[in-house]
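A.B. asks: Quick one, structure for this:
(2 chains)
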There are 2 protein chains.
Amino acid sequence: MSDSNSYSTSPSQPGDVRMRGFARRTTVDAALAWLDGHTAPLPTERVPLLEAADRVLASEVTSRVDVPGFDRAMMDGFAVRAADTSGATPYNPLELTIAGEILPGTRYDGKVGAGQAVRIMTGAPLPIGADAVLPAEKAEVAAAAESGASAVPARVAALDEVSPGKNVGLRGEDVRAGTVVLPARRRLRPQDVGVLSSIGVAEVEVVRRPRVRIVVTGNELLPPGSPPESNRIADANGPMLAALVARDGGIVHNPGIVPDDPDAILQAMRDQCDVVLVSGGSSVGREDHAPVLLARHGELAIHGIAIRPSSPAGMGRLDGRLVFLLPGNPVSCLCAYEFFAGRAIRVLGGRSVDWPYRSVRMRLRRKLVSAVGRVDYARVALVDGEVEPVAISGASILSSTTRADGFVIVPADSEGFPSGAEVKVYLYN
Amino acid sequence: MSDSNSYSTSPSQPGDVRMRGFARRTTVDAALAWLDGHTAPLPTERVPLLEAADRVLASEVTSRVDVPGFDRAMMDGFAVRAADTSGATPYNPLELTIAGEILPGTRYDGKVGAGQAVRIMTGAPLPIGADAVLPAEKAEVAAAAESGASAVPARVAALDEVSPGKNVGLRGEDVRAGTVVLPARRRLRPQDVGVLSSIGVAEVEVVRRPRVRIVVTGNELLPPGSPPESNRIADANGPMLAALVARDGGIVHNPGIVPDDPDAILQAMRDQCDVVLVSGGSSVGREDHAPVLLARHGELAIHGIAIRPSSPAGMGRLDGRLVFLLPGNPVSCLCAYEFFAGRAIRVLGGRSVDWPYRSVRMRLRRKLVSAVGRVDYARVALVDGEVEPVAISGASILSSTTRADGFVIVPADSEGFPSGAEVKVYLYN
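C.D. replies: Residues are numbered from 1 along each chain as shown, chains lettered A, B, ... in the order given. Just a heads-up that it's a prediction; the model follows:
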């Protein structure tokens, strides 16, 4: 496995992808253009409402019902005819006959006539005949009749007047039948799930989540979390990629390290999935099997990208699925995932292509050097409100990305930024 | 169930919490102060590395090992003594004897002597005696010896000189034993999980996730996603709260709607959990059981808060767990969750108290009115780069929160903001 980008252990041969280094590197823009031309949201699936939060809506949702489905009381009190309270004050109480009671979830089958009141609780349907709710604190109930716990007093005095419609929530005031309540491609928020529930949607049609096979190669690798040995290191990329894929909405399939063997790698690349991430063996060295396999059995569309630190990255297609060749060096792996694979996984799942990071604009504490012709993924720390590059190079130093607070992207047409320049920082947090 | 805040269906009685309205409302600041005085991160638990992403680290992690645990080749090529290449150029190739080969994951047991070279792959341990790696493209291997597929050619010519340490990654260059690699309370990023894997951490000590019992009450409620009936509405708060709790890192326990019955509600509030969210019946009406139960069986610390639209909210403790009384009206429920319950759930899980929303500063398109003495949670839409209030009132209109792009908080000492004022908008996305 090799993570450099300008050499090979075998001489270049016609028809052999194992050239002496990459003949030329694809620009990041061209790689993204290829990628965006080959990614679109996956087909949809139905999920129960309680699993729909954070999923992406397949198409707009129109309500078939009014919410609420009835006029309802917005306060505890008495359903009345507003006209019957006209002129009522504490000094001129107007007496009404209490004809019944409506608790939430029940309905009053009678009709509220002139001079009548029906005790009503917030949320209960307004009975026929009534057109307003007299709030409880504007009503004086005969105290004697309250001695029985559930007794309905016979009479109540209105101490204030209410106008028609007062304290009444109208049918359809939240959602009217026929209204579009949520647009297509909406990533469902908690309150969206609440609204879907209220309009009677028990199952939601959402974009299917991409299934992502993580193929970690490298005979020098021990299973994740193993104590390092004298000649082998624990796999860092598998757990890191699994967390990245989960963040971007993919379903992770990561059954373990695959031996550096072409048959084993090809078989893993053909696992049932939408996206394959191959970590390690992505370059043009003798043990770099994945690019050769992809070129032979599928399409190696892009191999070698003008980006630092992940220039040996590649991508293509195999049996209709997207395959990403990620360098084995962990920072390169992270960078190639973030620029290309993560974007594709988000788009397949119906999410935004945008970076899943908050960004801020801040000043550089010292210069950040790059080279014209390549994009740089520069890890930076925030120190006293300024931006400090933590490691320009060092694709093997994963701890540089845990010390960093974020990263700055230096575009291909830039030699970098001078000290004091304001730059856009994407924050890891 | 009642969601208003200044009335009651029964007259005030000494010793009865069912007063005629709230005697006074607690300020938001005082409620937050009580809350923060009663919340601290939960005890820790060990989780497998592959489940550790996004969890909160219990304490700082110090590496017990060097990563890598050995000096290693950073390029494919030949392990050599640097001195042996001194003066080499394409016009002055210096021949070395190839003494063997080191693939990744293997070790070369011999010693590289003067005039010798050992073929080495990126990531393989540098053999004893060698102090540099001559890159493959600076080496010319006798072509004849390459005819056999796996034959190791006898001799290689160095076409360039390498200095000591060139293309060698030193033991411990990523992580040195004894170094703190991650601070306490870190919410683990994908790359953090990678680093933990590399230092041999297979299980991670993290803050336990709070278990949250959602108690939705209201006899007017149908199960989530039910078509509305003539006098009942589908529960929107249960699914919404479940999504909010999951977002804030809690483990949701939401078995369904609880009848408006004191015994049933008390039993649900005593379910095994760290936090109880009671939705509905939070005010001072006759059917508002939860505040009475909490006052009788535990501590009703705060009831009635100077905030709009969730003034009938409350909080307290029961058998050591935190209990939040959330109004049944869905916007009030959302607001009370966001201000109080969500904050507590994040703190219990070791996360930040901060709002889990990105904020931007933008200009108001028209005035936003409030009243001195209360905090307002105002839903707003972004229109042409300006802020448009979508619904100042209407605690029952949940769709106002799906039409909104975010919210503005109007502090208690403000009467609101004039048109054109710059305000801080928290974005739902």
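
A.B. asks: Backbone dihedrals for A:I128, please?
C.D. replies: Note on A:I128: its backbone torsions stand at phi -60, psi 140 [degrees, to the nearest 10].

A.B. asks: show me the residues around the residue lying closest to it once chain neighbours are set aside that make contact.
C.D. replies: Take A:I128 and drop its neighbours on the chain: the residue closest to it by CB to CB, 6 or more residues apart in numbering or on different chains is A:K111, 4.7 Å away. C-betas here are computed from N, CA, C, even on glycine. A:K111 sits next to A:127-129 when contact means CB atoms under 8 Å, 6 or more residues apart in numbering or on different chains.

A.B. asks: Using ChimeraX, define a selection of the buried residues within those residues.
C.D. replies: The ChimeraX command for the buried members of these (criterion: 16 or more other CB atoms under 10 Å in any protein chain shown) is given here:
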select /A:127,129
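
A.B. asks: would you turn the contacts of A:K111 into JSON lines with pLDDT and distance to A:F417?
C.D. replies: Written out in JSON lines, the entries for the contacts of A:K111 read as follows (pLDDT from 0 to 100; distance: CB to CB, whole Å):
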{"residue": "A:P127", "pLDDT": "95", "distance to A:F417": "71"}
{"residue": "A:I128", "pLDDT": "95", "distance to A:F417": "73"}
{"residue": "A:G129", "pLDDT": "96", "distance to A:F417": "74"}
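
A.B. asks: With respect to B:L222, which of the contacts of A:K111 is nearest?
C.D. replies: For these, the residue nearest B:L222 by CB to CB is A:P127; the value is 20.5 Å.

A.B. asks: Let me see the contact set for that closest one.
C.D. replies: Residues near A:P127 by CB under 8 Å, 6+ apart: A:79, A:102, A:107-108, A:110-112, A:118, A:120.

A.B. asks: Let me know whether A:D76 touches A:I120 as I believe.
C.D. replies: Yes. The pair A:D76 and A:I120 passes the contact test of CB atoms under 8 Å, sitting 7.3 Å apart.

A.B. asks: Sketch out the low-pLDDT regions of chain A for me.
C.D. replies: Where chain A drops to pLDDT under 70, the residues are A:1-21, A:143-153, A:391-394.

A.B. asks: Spatially nearest residue to the one residue in the stretch 301-429 of chain A that gets nearest to chain B (excluding sequence neighbours)?
C.D. replies: When distances are taken as CB to the nearest CB, the stretch 301-429 of chain A reaches nearest to chain B at A:T401, 4.2 Å away. Of all residues beyond its chain neighbours, the one nearest A:T401 is B:Q191 (4.2 Å), with distances taken as CB to CB, 6+ apart.

A.B. asks: count of residues packed around that neighbour?
C.D. replies: 26 (other CB atoms under 10 Å in any protein chain shown).

A.B. asks: what about it, which SS state?
C.D. replies: Assigned with DSSP: H, G, I helix; E, B strand; the rest coil, B:Q191 falls in the helix class.

A.B. asks: Now do the same contact list for it.
C.D. replies: A:240, A:330, A:334, A:398, A:401-402, A:428.

A.B. asks: Out of those, which is nearest to A:G172?
C.D. replies: Proximity of the contacts of B:Q191 to A:G172 (CB to CB) peaks at A:Y428, which lies at 45.8 Å.

A.B. asks: OK, contacts around the closest one?
C.D. replies: Neighbour list for A:Y428: A:357, A:401, A:404-407, B:189, B:191 [criterion: CB under 8 Å, 6+ apart].

A.B. asks: Which among those residues count as buried?
C.D. replies: A residue is treated as buried here by neighbour count (16+ other CB under 10 Å); on that basis the buried members of the contacts of A:Y428 are A:401, A:404-407, B:189, B:191.

A.B. asks: Let me have these in JSON lines, adding distance to B:S370 and secondary structure as columns.
C.D. replies: As requested, these are exported to JSON lines (distance: CB to CB, whole Å; DSSP: H, G, I helix; E, B strand; the rest coil):
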{"residue": "A:T401", "distance to B:S370": "44", "secondary structure": "helix"}
{"residue": "A:A404", "distance to B:S370": "41", "secondary structure": "coil"}
{"residue": "A:D405", "distance to B:S370": "36", "secondary structure": "coil"}
{"residue": "A:G406", "distance to B:S370": "36", "secondary structure": "strand"}
{"residue": "A:F407", "distance to B:S370": "40", "secondary structure": "strand"}
{"residue": "B:R189", "distance to B:S370": "39", "secondary structure": "coil"}
{"residue": "B:Q191", "distance to B:S370": "43", "secondary structure": "helix"}
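
A.B. asks: and which of those is nearest to B:L96?
C.D. replies: When these are compared for distance to B:L96 (CB to CB), A:T401 comes out closest, at 37.4 Å.

A.B. asks: in chain A, which spans are helices?
C.D. replies: With DSSP state H as the criterion, chain A has helices at A:28-37, A:190-198, A:237-247, A:262-269, A:289-297, A:330-336, A:342-348, A:399-403.

A.B. asks: looking at those, which is closest to B:D261?
C.D. replies: Using CB to CB, the nearest of these to B:D261 is helix A:190-198, at 22.9 Å.

A.B. asks: quick check, distance from the closest one to the centre of its chain.
C.D. replies: Taking CA atoms, centre = their mean, to the nearest Å, one finds the center of helix A:190-198 at 16 Å from the center of the full chain.

A.B. asks: Extract the CA atoms of that helix and return them as PDB.
C.D. replies: Below are the C-alpha coordinates for helix A:190-198, written out as PDB (Å, rounded to 0.1, in the frame of the first residue of the first chain):
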ATOM      1  CA  PRO A 190     -39.100  17.500  15.400                       C
ATOM      2  CA  GLN A 191     -42.000  19.900  14.900                       C
ATOM      3  CA  ASP A 192     -42.500  18.600  11.300                       C
ATOM      4  CA  VAL A 193     -43.000  15.100  12.700                       C
ATOM      5  CA  GLY A 194     -45.600  16.600  15.100                       C
ATOM      6  CA  VAL A 195     -47.500  18.300  12.200                       C
ATOM      7  CA  LEU A 196     -47.400  15.000  10.200                       C
ATOM      8  CA  SER A 197     -48.800  13.200  13.200                       C
ATOM      9  CA  SER A 198     -51.600  15.800  13.600                       C
END
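
A.B. asks: quick one: it to helix B:237-247, angle?
C.D. replies: An angle of 150 degrees separates the directions of helix A:190-198 and helix B:237-247 when computed by axes from the mean of the first three to the mean of the last three CA atoms, to 10 degrees.

A.B. asks: show me where the stretch 51-200 of chain A has strands.
C.D. replies: Remark: strands assigned in the stretch 51-200 of chain A by DSSP state E, counting those that start in this stretch are A:61-62, A:72-73, A:77-80, A:94-102, A:116-120, A:132-135, A:139-141, A:155-158, A:168-169, A:180-182.

A.B. asks: Fine by me, we can end here.
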